[in-house]
Every structure is written in structure tokens, then in C-alpha cells.
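K.L.:
Have a look at this prediction, sequence included:
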Amino acid sequence: MRIAKAVLALAAALLSAAFARLWLSRRALPYGEEGQYFDAALGVTYSEGAVAVYSAAALLAGLATLLLAVWAWRR
């Protein structure tokens, strides 16, 4: 059972890292006046408002990682 708890904590840590990476890459984009960035190579438009959502998701996943890690190593 302890291994399953550790695996859950690891999965939450990976999710947190993925959201943090996404937040870091998207916050550096040169958004226009309307809060949009168009990537011509991919044909995708990114919204500046999503940056706040990615940061909140990274923080929540980080908190879940902390809670799951404590839960995994408690008896």
C-alpha cells in the first residue's frame, strides 16, 4: 500500500512539473493588445488569460504532491 501512495505522489509531482513548464513557456510569449498570441507555424492562437489558469493548476498540483507525499510516508 505504501508503494501505491508513493506512486500517487510521484504522479502528482509530474503533473505539477508539467503545468509549471507550460506556465513558464506561455507567460514568456509576446501577447498583443487583445491578449492573444498567434503561432503561425502551428496555426494556433494562445490566450494570455490561460497563463493564470496554468499557474493555479501548477500550485494546486504542487499542494497535492505535498499532501500525498506526507500521506505516503506516514504510518
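P.N.:
Okay, I see it. Numbers count the residues shown, from 1 in each chain.
K.L.:
With adjacent residues omitted, what lies nearest to the residue nearest to the spatial centre of the chain?
P.N.:
For the chain, F19 is the residue whose C-alpha lies nearest the centre (C-alpha atoms, centre = their mean; 1.4 Å). Computed as C-beta to C-beta, 6 or more residues apart in numbering, the closest residue to F19 that is not its neighbour in sequence is A58, at 3.7 Å. Using the backbone N, CA and C atoms, a C-beta is placed for each residue, glycine as well.
K.L.:
quick one: contacts for the residue nearest to the centre of the chain?
P.N.:
With contact taken as C-beta atoms under 8 Å, 6 or more residues apart in numbering, F19 is in contact with 54-55, 57-58, 61.
K.L.:
Distance check, it against L63.
P.N.:
Using C-beta to C-beta, to the nearest Å, F19 is found at 12 Å from L63.
K.L.:
Need the three-state assignment for the residue nearest to F19.
P.N.:
Following DSSP: H, G, I helix; E, B strand; the rest coil, A58 is assigned to helix.
K.L.:
Do I have it right that it meets R27?
P.N.:
No - between A58 and R27 there is no contact under C-beta atoms under 8 Å: 11.2 Å.
K.L.:
Between those two, point out the one with more neighbours.
P.N.:
A58 (20 against 14; other C-beta atoms under 10 Å).
K.L.:
what does the model give the more buried one for pLDDT?
P.N.:
Looking at A58, its pLDDT is 97.
K.L.:
again, but for K5
P.N.:
Reported pLDDT for K5: 89.
K.L.:
Which strand or helix spans it?
P.N.:
Assigned by DSSP states H and E, K5 belongs to helix 2-27.
K.L.:
what comes into contact with stretch 6-17?
P.N.:
Contacts of stretch 6-17 (C-beta under 8 Å, 6+ apart): 58, 61-62, 64-65, 68-69, 71-72.
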